[in-house]
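# Build me a model from this:
(chains A and B)
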Amino acid sequence: MHPAPSVIVFTTLSGLGFGLLLFLGLGYPDVTGWVAFVFFAIAYALAVGGLMASTFHLGHPERAMKAFTQWRSSWLSREGWCAVIALLVMAPYGAGLVFLDTSYTALGLIGALFSLLTVFTTSMIYTQLKTIPRWNMKLTPAMFLSFSIAGGALLAGQVDAAMILLAIAALVQLAYWKQGDSAFANSGTDMGTATGLGSRGKVRAFEPPHTGTNYLLREFVHVVGRKHAAKLRVISFTLAFVLPILILLLSPHHFGALIAVLSHLAGIATSRWLFFAQAEHVVGLYYGKR
Amino acid sequence: MTQLPQSTDRKMGLVIDLDTCVGCHACVISCKGWNTENYGAPLSDQDAYGSDPSGTFLNRVHSFEVQPEQGHAQLVHFPKSCLHCEDAPCVTVCPTGASYKRVEDGIVLVNESDCIGCGLCAWSCPYGARELDVTEGVMKKCTLCVDRIYNENLEEVDRVPSCVRTCPAGARHFGDLGDPNSEVSKLVDERGGMDLMPEMGTKPVNKYLPPRPKDTIEEQIDILAPLLAPVAEEPQGFMGWLDKALDKLPGGNA
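Coordinates of the predicted model:
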């Protein structure tokens, strides 16, 4: 799949932002006034910034409001609803903490729930696609959720929780890579089933339908990043999990925490780039590209 | 509404004969021609006469080689367009309701004025049947020439999809695959019509007729064979002498 920067930025930032909102909604850290203001500002900047970035890859962003209509069938529509509800519910909860020194606990819990649901619905947009076996796995929502919760704990300054949650997210990441690498082969889809000619012999793409490129090849048959995938996995794993855990262990202070957050952010963005770049769409079979 | 209908009154679709298709791409051109100037936004091209041309097409013809365990390889030309699936994933993923399946005839269409161009429907299609038009920013797909098949301004013979009307080999058939007595349904029964990627669970309406088995040369009796068999394996007489004489010259044997 084409790793569109807008989608990588969106899933990385909003994942972290909603992760932080989850912890703030649950009352961690227990802050009020200016300190609370800074936490909520960071959370909203990440969540809303990510959502804004996601509209950049639309052909008609001015029609984005129409995306709220089909929540009965569409995960993308459900994601829109969950995000808006989470942001609207967390606003009065945050205002209570910042300006009135009051915690509306019920609002916080509802906001936390919808923050989690936003990340889950985002992951389901990818998980639902049978056409991309590497995404069509139960580990995909597990990965999105574990990353978001771990990142949220890290941003919320919950040092002990963050170390455990980062370790869990790291294990989910390893499991995702392991299962994902054999997902296409295990899907049962190959050039034989794609053409219906598999029972007659070995099928080979002889001549493509067009000499130039097209939307399908640009969007679904991205092969550029494969060469460095193994190195990028090591880099992403180190930045996202290993380094932040070590920093938290050795120097859990403000400056260290900042470095840990930035390292985690860079690592997750790299992992998300791989998530797209390594995903193989079955339509590539028709072009003999799998 | 992007929920799929429980059932459709008819299942209009195509039956494509892989035995007959000659791979001339006439259906590709006639499709582009008709659909760029009729229903919906035109099918744009980018750098059409330059060094890196690309464009939006609703129908494309691949060619595959099938190598059986025994015998010769076979070339199969393979036209591919929207299969108007009964369980179309491209419809249910659409967040705006732009993508829909018609109850009256099962045709899958895009309401272009509602399309936000997110591309998710194309991601969900295993067949690569949908292409986002770069110029218009909306999703384009085969409409089964919905503006031809019911068009009373056209002669009756022309009230079929453009690709079907154009095919010079008669490899494309159009009809109601929901009616077991229709010509297309009979053709599917007779020739063992098949689904593409049935494991995806999309239940395509369009069917493909597999190539008929080839004649096997081995079983034929060649009446000329005895007359054409070589009379002498080793050269004899003058040719034999010449062969040996030339071998003795310096420069090695051939």
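# B:Asp9 versus A:Ser77, what's the distance?
Applying CB to CB, to the nearest Å, the value for A:Ser77 to B:Asp9 is 28 Å. C-beta here means a position set from N, CA and C on the backbone, and glycine is covered the same way.
# Give me the local confidence score for B:Tyr39.
pLDDT recorded at B:Tyr39 is 87.
# what's the nearest residue to residue 84 if we skip its chain neighbours?
Using chain A here. A:Phe68 (7.8 Å; CB to CB, 6 or more residues apart in numbering or on different chains).
# That was the other one, I meant chain B.
With sequence-adjacent residues excluded and distances taken as CB to CB, 6+ apart, B:His84 is closest to B:Val205, at 4.5 Å.
# Can you tell me, leaving aside adjacent residues, what's nearest to the residue of the stretch 151-254 of chain B found nearest chain A?
When scored by CB to the nearest CB, the stretch 151-254 of chain B has B:Met194 as its residue closest to chain A, at 4.4 Å. Computed as CB to CB, 6+ apart, the closest residue to B:Met194 that is not its neighbour in sequence is A:Gly196, at 4.4 Å.
# and if you look at A:Ala269?
Take A:Ala269 and drop its neighbours on the chain: the residue closest to it by CB to CB, 6+ apart is A:Thr12, 4.7 Å away.
# Is it correct that that neighbour falls within a helix?
Yes: according to DSSP: H, G, I helix; E, B strand; the rest coil, A:Thr12 belongs to a helix.
# Next, the contact list for it, please.
Residues touching A:Thr12, when contacts are defined by CB atoms under 8 Å, 6 or more residues apart in numbering or on different chains, comprise A:Gly50, A:Leu265, A:Ile268, A:Ala269, A:Arg272.
# I'd assumed A:Leu246 was in contact with A:Met163.
No: taking CB atoms under 8 Å as the definition, A:Met163 is not a contact partner of A:Leu246, at 9.7 Å.
# Quick check: neighbours shared by those two?
Residues touching both A:Met163 and A:Leu246 (CB under 8 Å, 6+ apart): there are none.
# Between these two, tell me which one has more neighbours.
Taking A:Met163 and A:Leu246 together and counting by other CB atoms under 10 Å in any protein chain shown, A:Met163 has the greater number of neighbours (19 against 15).
# and the residue in the stretch 51-200 of chain A positioned nearest to chain B, how many neighbours?
Shortest the stretch 51-200 of chain A-to-chain B distance, computed as CB to the nearest CB: residue-wise this is A:Gly59, at 1.9 Å. Per other CB under 10 Å, the neighbour tally for A:Gly59 reads 18.
# That one sits in which helix or strand?
Secondary structure here is read from DSSP states H and E; on that basis A:Gly59 sits in neither a helix nor a strand.
# Okay, it and A:Gly80: tell me how far apart.
Plainly put, A:Gly59 is 17 Å away from A:Gly80 if you go by CB to CB.
# How is chain B divided into domains?
B:12-209, B:217-248 (automatic domain parsing).
# For A:Glu207, find the nearest of those domains.
Between A:Glu207 and these, the tightest spacing by CB to CB is seen for domain B:12-209, at 3.9 Å.
# Could you work out the end-to-end span of that closest one for me?
17 Å (CA to CA, to the nearest Å).
# so how far is that domain off the chain centroid?
Taking CA atoms, centre = their mean, to the nearest Å, one finds the center of domain B:12-209 at 8 Å from the center of the full chain.
# before we move on, what about stretch A:27-40?
Stretch A:27-40 sits 25 Å away from the centroid of its parent chain (CA atoms, centre = their mean).
# Over to stretch A:166-173?
Taking the mean of its C-alpha atoms, stretch A:166-173 sits 14 Å from the chain's own mean (CA atoms, centre = their mean).
# can you check stretch A:229-248 too?
Counting by CA atoms, centre = their mean, stretch A:229-248 comes out at 17 Å from the chain centroid.
# how about the helices in the stretch 1-150 of chain B?
Counting by DSSP state H, counting those that start in this stretch, the segments of the stretch 1-150 of chain B that form helices are B:26-36, B:89-92, B:120-124, B:146-149.
# Quick one, which of these gets closest to A:His281.
When these are compared for distance to A:His281 using CB to CB, the nearest one is helix B:120-124, at 7.3 Å.
# May I see the buried residues of the closest one?
B:Leu120, B:Cys121, B:Ala122, B:Trp123, B:Ser124 (16 or more other CB atoms under 10 Å in any protein chain shown).
# What's the separation between the last one and chain A?
What that stands for is B:Ser124. Going from B:Ser124 to chain A by CB to the nearest CB, to the nearest Å gives 6 Å.
# so where's the chain uncertain?
Unless you meant another one, I'm taking chain A. Residues of chain A meeting the criterion pLDDT under 70: A:224-225.
# Chain B, not that one
Scanning chain B for pLDDT under 70 picks out B:1-2, B:216-220, B:231-232, B:252-254.
# residue in it nearest to chain A?
Here chain B gets closest to chain A at one residue, B:Gly117, 1.9 Å apart by CB to the nearest CB.
# Next, count neighbours for that residue.
Using other CB under 10 Å, B:Gly117 has 20 neighbouring residues.
# and stretch A:220-227, anywhere near chain B?
Yes: in terms of CB under 8 Å from any CB of the partner chain, part of stretch A:220-227 sits within range of chain B, namely A:Phe220.
# thinking again about what came up before, make sure the residue nearest to B:Met194 is actually in contact with B:Pro211.
No: with contact defined as CB under 8 Å, A:Gly196 does not reach B:Pro211; the gap is 10.3 Å.
# what about residue 247, neighbour count?
Assuming you mean chain A. Residues near A:Ile247, counting by other CB under 10 Å, number 21.
# if you could check chain B rather than the one you did, that'd help
Taking other CB under 10 Å as the neighbour definition, B:Asp247 ends up with a count of 11.
# related to what we said a few turns ago, just the domains of chain B: most buried one?
Mean neighbour counts were compared across the domains of chain B using mean count of other CB atoms under 10 Å in any protein chain shown; the top stretch is domain B:12-209, at a mean of 19.
# tell me the contacts of A:Ser271?
The contact partners of A:Ser271, by CB under 8 Å, 6+ apart, come to A:Phe147, A:Gln173, A:Ser236, A:Phe237, A:Ala240.
# Now the first one: which helix or strand?
Taking DSSP H and E as the criterion, A:Phe147 maps to helix A:139-155.
# Show me the strands in the chain, by range?
No chain specified, so I'll use chain A. For chain A, strands defined by DSSP state E occupy the ranges A:202-207.
# Wait, chain B was what I had in mind.
Counting by DSSP E, chain B forms strands over residues B:12-17, B:45-46, B:54-55, B:59-67, B:74-81, B:99-101, B:108-110, B:131-132, B:139-140, B:172-176, B:207-209, given from the N-terminal end onward.
# Mind putting these into a markdown table with distance to chain A?
As requested, the strands of chain B are arranged in a markdown table below (distance: least, CB to the nearest CB, whole Å):
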| stretch | distance to chain A |
| --- | --- |
| strand B:12-17 | 11 |
| strand B:45-46 | 9 |
| strand B:54-55 | 5 |
| strand B:59-67 | 4 |
| strand B:74-81 | 6 |
| strand B:99-101 | 9 |
| strand B:108-110 | 12 |
| strand B:131-132 | 4 |
| strand B:139-140 | 8 |
| strand B:172-176 | 16 |
| strand B:207-209 | 6 |
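# quick one on the thing from earlier: give me phi/psi at the nearest residue to the residue of chain B closest to chain A once chain neighbours are set aside?
What sits nearest to B:Gly117 in space, not counting adjacent residues and going by CB to CB, 6+ apart, is A:Gly59, at 1.9 Å. Summarising the backbone geometry of A:Gly59 under the convention degrees, to the nearest 10, its torsions are phi -70, psi -30.
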